[in-house]
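>>> coords please:
(one chain, ligands or ions: 1)
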Amino acid sequence: MSQTSSPDTIHDLIGVGFGPSNLALAIALEELAETNGHALDALFIDKQTDYRWHGNTLATQSELQISFLKDLVSLRNPTSPYSFVNYLHQKQRLADFINLGTFYPCRLEFNDYLRWAADHFATQAVYGEEVLRIEPALNDGKVDHLRLVSRDQQGREYTRRARSVVVGSGGTPKIPEAFRAFKDDPRVFHHSQYLAGLQKLPCTQGKPMRIAVIGSGQSAAEAFIDLNDSFPSVKVDMILRASALKPADDSPFVNEIFAPEYTDLVFNQPHAERAKLVNEYHNTNYSVVDVDLIERIYGILYRQKVAHQYRHHVLCRRDIEQVVNTAEGIELTLRDLATDVRQTHRYDAVILATGYERRSHRELLAPLQQHLKDFEVDRDYRALASPEFAAGVYLQGFCEASHGLSDTLLSVLPARALEIGQSLYQHLGNQASNAPTALRATSA
Ligand SMILES: Cc1cc2nc3c(=O)[nH]c(=O)nc-3n(C[C@H](O)[C@H](O)[C@H](O)COP(=O)(O)OP(=O)(O)OC[C@H]3O[C@@H](n4cnc5c(N)ncnc54)[C@H](O)[C@@H]3O)c2cc1C
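This is a model prediction of the structure:
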């Protein structure tokens, strides 16, 4: 659906991106509309043509890394119709899911859950438009609302206006400098494009290939397993700088850092202490792998030793010193960080499981920079701004430094959505459009 507001419409809120963060907000706003007796006029814009949660990474074996109980709503409102359990009930799979005996559904299923929830907000969502920038609209020397400029897939531009924006545009794939020259080369792609990228490679027709997977995190491990299981003609080298594949710490005491209450603890610390807390628990989320995947990879390598057939390798402690594009393939010169020995390996394709950066908010909000205090936010995720800036700018997923490690994950979505929703009602006050309370989707 493509909604273009009339040039006079000023929405209460436009959400940039309709991933899990802004979807959780749409649900919280529906609840708040009931308690406040009126709904906000909210619209969400996503650049994808339909709802997909990291769609190109959904290899069949990949699983959710947190409990399904940390869905869009349950930690705030276990009676919400938008819970994962109600989704299973609606799809008539609840009893079967219980029989699985797991807290960790496959990501394909969680994607389907999110899409099901998003379908209930179809009238508030615009798909297939990328927001390019968010500009200030001045009125009597005050910025009282914002202009969002977006572009659809045919190149047409649209301008919409809103009193507040909530930026939930997610991470940006991190491409190491040495691979930037391969931007348009189908043999080199980031893991965020895993399924689409593979489709262009000859291994999908059963042709032999040597593929390098760069990285030491969950995505690299998932790619390794998928290439092993799905493409018998592929030999994989997993290349990492770390000295070993390390397990993600999801033990129960450590997991308490992802509880919504922990956000207060992190936020109330001085800046230096916040950074210490984030660093101390880095190994819950970054450059680490679920231990069951590590054990599977180890098992695969062990069976190779038994059979004396060395199809795959895990090359630890390797720094990539040089990347050369040759007619025969992509040559990587690797330096062993312990021995200083260099070796050159040739690959037919390279998959960059090199993580994500959180900077898209800075690009989108660049025209507002002079009014904002370096994108720092208050406890309610509202960007701190100078007095003449009356519009609201909220950030979801860009506040790890101030709100803790859960900020980029699913764990705090229900609590954060409510906090932002309440702040929106409080700040919009009398200006809000007082749209009638939206009817809750009956099938939810
Ligand atoms: C492969 C992968 C697996 C993960 N698995 C887990 C997990 O198991 N558990 C967990 O807690 N976390 C996981 N995460 C972390 C992930 O960040 C969260 O699960 C969640 O996706 C965050 O939601 P979000 O809405 O903030 O961001 P995203 O899910 O990234 O959504 C952002 C949305 O914004 C849209 N968008 C971006 N820019 C624009 C623009 N300019 N204009 C319009 N639309 C735009 C995108 O199309 C996208 O739909 C995973 C991340 C990845 C990459």
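>>> Then Gln304 would be within a helix, right?
Yes. Applying DSSP: H, G, I helix; E, B strand; the rest coil, one finds Gln304 inside a helix.
>>> For it, which residues are in contact?
Gln304 makes contacts with Tyr310, Arg311, His312, as judged by CB atoms under 8 Å, 6 or more residues apart in numbering. C-beta: built from backbone N, CA, C; applies to glycine.
>>> So which residue is smack in the middle of the protein?
Closest residue to the average C-alpha location of the chain: Gly170 at 4.8 Å, with CA atoms, centre = their mean.
>>> give me phi/psi at that one?
Main-chain dihedrals, Gly170, degrees, to the nearest 10: phi 70, psi -170.
>>> so it touches Phe18, yeah?
No. Using CB atoms under 8 Å, Gly170 is not in contact with Phe18; the gap is 10.4 Å.
>>> how many other residues sit next to the nearest residue to the residue nearest to the centre of the chain once chain neighbours are set aside?
Among residues not flanking Gly170 along the chain, Gly19 sits closest, at 5.4 Å (CB to CB, 6 or more residues apart in numbering). Residues within reach of Gly19, counting by other CB atoms under 10 Å, total 24.
>>> try the one 4 residues further on
Applying other CB under 10 Å, we find 28 residues neighbouring Leu23.
>>> helix, strand or coil for it?
Quick answer, by three-state DSSP: Leu23 is helix.
>>> can you tell me how far it sits from the ligand?
Distance, Leu23 to the ligand, by CB to the nearest ligand atom, to the nearest Å: 7 Å.
>>> ok, now Val73?
Taking CB to the nearest ligand atom, one finds Val73 at 15 Å from the ligand.
>>> Mind pulling the model confidence for that residue?
Looking at Val73, its pLDDT stands at 98.
>>> ok, now Ala441?
pLDDT for Ala441: 36.
>>> can I assume Pro176 is in contact with Leu352?
Yes. Under the criterion of CB under 8 Å, Pro176 makes contact with Leu352 at 6.9 Å.
>>> Please name the nearest non-neighbouring residue to Ile14.
Ala162 (4.0 Å).
>>> tally of neighbours for that neighbour?
Per other CB under 10 Å, the neighbour tally for Ala162 reads 26.
>>> How about the secondary structure of it?
Look at Ala162: counting by three-state DSSP, its state is strand.
>>> contacting residues for it?
Neighbour list for Ala162: Ile10, His11, Asp12, Leu13, Ile14, Leu43, His145, Leu146, Leu148, Ala391 [criterion: CB under 8 Å, 6+ apart].
>>> could you dump those residues to JSON lines with neighbour count, secondary structure and distance to the ligand?
Shown next, in JSON lines, are the contacts of Ala162 (neighbours: other CB atoms under 10 Å; DSSP: H, G, I helix; E, B strand; the rest coil; distance: CB to the nearest ligand atom, whole Å):
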{"residue": "Ile10", "neighbour count": "19", "secondary structure": "strand", "distance to the ligand": "20"}
{"residue": "His11", "neighbour count": "23", "secondary structure": "strand", "distance to the ligand": "15"}
{"residue": "Asp12", "neighbour count": "24", "secondary structure": "strand", "distance to the ligand": "19"}
{"residue": "Leu13", "neighbour count": "27", "secondary structure": "strand", "distance to the ligand": "15"}
{"residue": "Ile14", "neighbour count": "27", "secondary structure": "strand", "distance to the ligand": "10"}
{"residue": "Leu43", "neighbour count": "21", "secondary structure": "strand", "distance to the ligand": "12"}
{"residue": "His145", "neighbour count": "21", "secondary structure": "strand", "distance to the ligand": "19"}
{"residue": "Leu146", "neighbour count": "25", "secondary structure": "strand", "distance to the ligand": "14"}
{"residue": "Leu148", "neighbour count": "22", "secondary structure": "strand", "distance to the ligand": "9"}
{"residue": "Ala391", "neighbour count": "22", "secondary structure": "coil", "distance to the ligand": "18"}
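>>> Export the residues you listed to JSON lines and append columns for distance to Glu376 and pLDDT.
Shown next, in JSON lines, are the contacts of Ala162 (distance: CB to CB, whole Å; pLDDT from 0 to 100):
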{"residue": "Ile10", "distance to Glu376": "26", "pLDDT": "96"}
{"residue": "His11", "distance to Glu376": "25", "pLDDT": "97"}
{"residue": "Asp12", "distance to Glu376": "24", "pLDDT": "97"}
{"residue": "Leu13", "distance to Glu376": "21", "pLDDT": "98"}
{"residue": "Ile14", "distance to Glu376": "22", "pLDDT": "98"}
{"residue": "Leu43", "distance to Glu376": "26", "pLDDT": "98"}
{"residue": "His145", "distance to Glu376": "22", "pLDDT": "96"}
{"residue": "Leu146", "distance to Glu376": "18", "pLDDT": "98"}
{"residue": "Leu148", "distance to Glu376": "22", "pLDDT": "98"}
{"residue": "Ala391", "distance to Glu376": "16", "pLDDT": "97"}
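>>> now these as TSV including distance to Gln199?
Below are these laid out as TSV (distance: CB to CB, whole Å):
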residue	distance to Gln199
Ile10	43
His11	38
Asp12	41
Leu13	37
Ile14	34
Leu43	33
His145	43
Leu146	39
Leu148	33
Ala391	43
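>>> quick one: which helix or strand includes Tyr425?
helix 413-428 (DSSP states H and E).
>>> and that helix, what does it pack onto?
strand 10-16, helix 20-36, strand 157-167, helix 260-267, strand 392-395 (3 or more CB pairs under 8 Å, 6 or more residues apart in numbering; DSSP states H and E).
>>> elements contacting the shortest one?
Other elements packing on strand 392-395 under the criterion 3+ CB pairs under 8 Å, 6+ apart are strand 157-167, strand 372-377, strand 383-385, helix 413-428.
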